[in-house]
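*Asks:* Quick one: sequence plus predicted model below, questions after.
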Amino acid sequence: MLLVVTYSAAARTGLRNLCRRHESVVARRFGRAALLDETVYAAFLALRLRESHGGDIQIERTEPFNEFVAVDDEVRAAAAAYADRSAKSTPYAAFAAGTEHPDPDAMRGREL
(Lines give C-alpha, C1' and ligand atoms only; values in the text may rest on other atoms or scores of the structure.)
Protein backbone atom coordinates (compact mmCIF):
# COMPACT_ATOMS: atom_id res chain seq x y z
CA MET A 1 0.00 0.00 0.00
CA LEU A 2 1.03 3.61 -0.48
CA LEU A 3 0.28 6.08 2.30
CA VAL A 4 -0.13 9.65 1.08
CA VAL A 5 -0.13 12.30 3.82
CA THR A 6 -0.88 16.00 3.25
CA TYR A 7 0.44 18.99 5.20
CA SER A 8 -1.43 21.97 3.71
CA ALA A 9 -4.97 22.91 2.76
CA ALA A 10 -4.09 22.98 -0.95
CA ALA A 11 -2.51 19.53 -0.73
CA ARG A 12 -5.60 18.17 1.08
CA THR A 13 -7.77 19.56 -1.70
CA GLY A 14 -5.55 17.89 -4.27
CA LEU A 15 -5.72 14.58 -2.42
CA ARG A 16 -9.50 14.83 -2.08
CA ASN A 17 -9.82 15.48 -5.82
CA LEU A 18 -7.47 12.59 -6.62
CA CYS A 19 -9.53 10.26 -4.44
CA ARG A 20 -12.79 11.35 -6.08
CA ARG A 21 -11.48 11.04 -9.65
CA HIS A 22 -9.60 7.78 -9.15
CA GLU A 23 -11.71 5.78 -6.69
CA SER A 24 -10.42 2.49 -8.09
CA VAL A 25 -6.91 3.03 -6.62
CA VAL A 26 -8.06 4.35 -3.22
CA ALA A 27 -8.11 1.67 -0.52
CA ARG A 28 -9.03 4.04 2.34
CA ARG A 29 -9.29 7.80 2.90
CA PHE A 30 -8.63 9.50 6.25
CA GLY A 31 -9.10 13.22 5.53
CA ARG A 32 -5.46 14.40 5.54
CA ALA A 33 -4.20 11.03 4.34
CA ALA A 34 -5.13 8.16 2.06
CA LEU A 35 -4.05 4.60 1.44
CA LEU A 36 -3.65 3.79 -2.24
CA ASP A 37 -3.29 0.39 -3.86
CA GLU A 38 0.28 -0.61 -4.55
CA THR A 39 0.16 -0.20 -8.32
CA VAL A 40 2.27 1.77 -10.73
CA TYR A 41 -0.75 3.92 -11.56
CA ALA A 42 -1.34 4.77 -7.89
CA ALA A 43 2.36 5.65 -7.54
CA PHE A 44 2.07 7.87 -10.62
CA LEU A 45 -0.92 9.68 -9.09
CA ALA A 46 0.86 10.13 -5.74
CA LEU A 47 4.01 11.42 -7.44
CA ARG A 48 1.97 13.78 -9.59
CA LEU A 49 0.38 15.13 -6.42
CA ARG A 50 3.81 15.62 -4.82
CA GLU A 51 5.08 17.40 -7.95
CA SER A 52 2.17 19.82 -7.61
CA HIS A 53 2.52 20.40 -3.86
CA GLY A 54 6.17 19.67 -3.08
CA GLY A 55 6.98 19.06 0.58
CA ASP A 56 3.32 19.28 1.57
CA ILE A 57 2.92 15.69 0.34
CA GLN A 58 4.59 12.72 1.99
CA ILE A 59 4.46 9.30 0.35
CA GLU A 60 5.33 6.15 2.29
CA ARG A 61 5.19 2.51 1.32
CA THR A 62 3.43 0.46 3.97
CA GLU A 63 2.93 -3.21 4.62
CA PRO A 64 0.04 -4.87 6.44
CA PHE A 65 0.58 -5.54 10.14
CA ASN A 66 0.59 -9.27 10.84
CA GLU A 67 0.11 -9.54 14.59
CA PHE A 68 0.91 -13.26 14.58
CA VAL A 69 4.39 -12.65 13.16
CA ALA A 70 5.27 -9.26 14.67
CA VAL A 71 3.98 -9.65 18.24
CA ASP A 72 4.58 -12.33 20.89
CA ASP A 73 1.70 -14.47 22.14
CA GLU A 74 1.96 -12.87 25.59
CA VAL A 75 1.29 -9.40 24.15
CA ARG A 76 -1.75 -10.57 22.17
CA ALA A 77 -3.07 -12.39 25.28
CA ALA A 78 -2.53 -9.26 27.41
CA ALA A 79 -4.41 -7.11 24.89
CA ALA A 80 -7.33 -9.55 24.86
CA ALA A 81 -7.41 -9.80 28.67
CA TYR A 82 -7.22 -6.03 29.07
CA ALA A 83 -10.06 -5.48 26.61
CA ASP A 84 -12.15 -7.98 28.59
CA ARG A 85 -11.37 -6.51 32.06
CA SER A 86 -14.23 -6.00 34.50
CA ALA A 87 -13.32 -2.44 35.57
CA LYS A 88 -13.05 -0.47 32.33
CA SER A 89 -11.46 2.52 34.09
CA THR A 90 -8.41 0.53 35.25
CA PRO A 91 -5.25 1.66 33.43
CA TYR A 92 -3.13 -1.07 31.86
CA ALA A 93 -0.18 -0.57 34.25
CA ALA A 94 -2.44 -1.25 37.25
CA PHE A 95 -4.15 -4.13 35.45
CA ALA A 96 -0.81 -5.81 34.62
CA ALA A 97 0.80 -5.28 38.03
CA GLY A 98 1.35 -8.58 39.82
CA THR A 99 0.27 -10.68 36.81
CA GLU A 100 2.11 -12.49 34.07
CA HIS A 101 1.04 -9.81 31.56
CA PRO A 102 3.93 -7.76 30.12
CA ASP A 103 4.92 -4.57 31.88
CA PRO A 104 4.06 -1.43 29.84
CA ASP A 105 7.52 0.10 30.37
CA ALA A 106 9.19 -3.08 29.13
CA MET A 107 6.95 -3.09 26.04
CA ARG A 108 7.77 0.57 25.29
CA GLY A 109 11.47 -0.27 25.04
CA ARG A 110 11.05 -3.21 22.64
CA GLU A 111 10.99 -2.83 18.86
CA LEU A 112 8.53 -4.86 16.82
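*Replies:* In hand now; what should we look at? Numbers count the residues shown, from 1 in each chain.
*Asks:* what is Tyr61 paired to in the beta sheet?
*Replies:* Quick fix: residue 61 reads Arg, not Tyr. Leu2 (DSSP bridges).
*Asks:* Show the residue spans covered by the helices in this structure.
*Replies:* With DSSP state H, the ranges of helices along the chain come out as 9-21, 40-53, 67-70, 73-83, 92-96, 104-108.
*Asks:* Could you save these as JSON lines and add columns showing mean pLDDT?
*Replies:* Formatted as JSON lines, the helices of the chain follow (pLDDT from 0 to 100):
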{"stretch": "helix 9-21", "mean pLDDT": "97"}
{"stretch": "helix 40-53", "mean pLDDT": "97"}
{"stretch": "helix 67-70", "mean pLDDT": "90"}
{"stretch": "helix 73-83", "mean pLDDT": "95"}
{"stretch": "helix 92-96", "mean pLDDT": "94"}
{"stretch": "helix 104-108", "mean pLDDT": "92"}
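*Asks:* Now tabulate those in a markdown table and tack on distance to Glu60.
*Replies:* For glycine as for every other residue, the C-beta is placed from the backbone atoms N, C-alpha and C. Below are these laid out as a markdown table (distance: least, C-beta to C-beta, whole Å):
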| stretch | distance to Glu60 |
| --- | --- |
| helix 9-21 | 14 |
| helix 40-53 | 10 |
| helix 67-70 | 18 |
| helix 73-83 | 25 |
| helix 92-96 | 29 |
| helix 104-108 | 23 |
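*Asks:* looking at those helices, which is closest to Ala34?
*Replies:* Comparing these against Ala34 with C-beta to C-beta, the closest turns out to be helix 9-21 (5.7 Å).
*Asks:* Cool, thanks, signing off.
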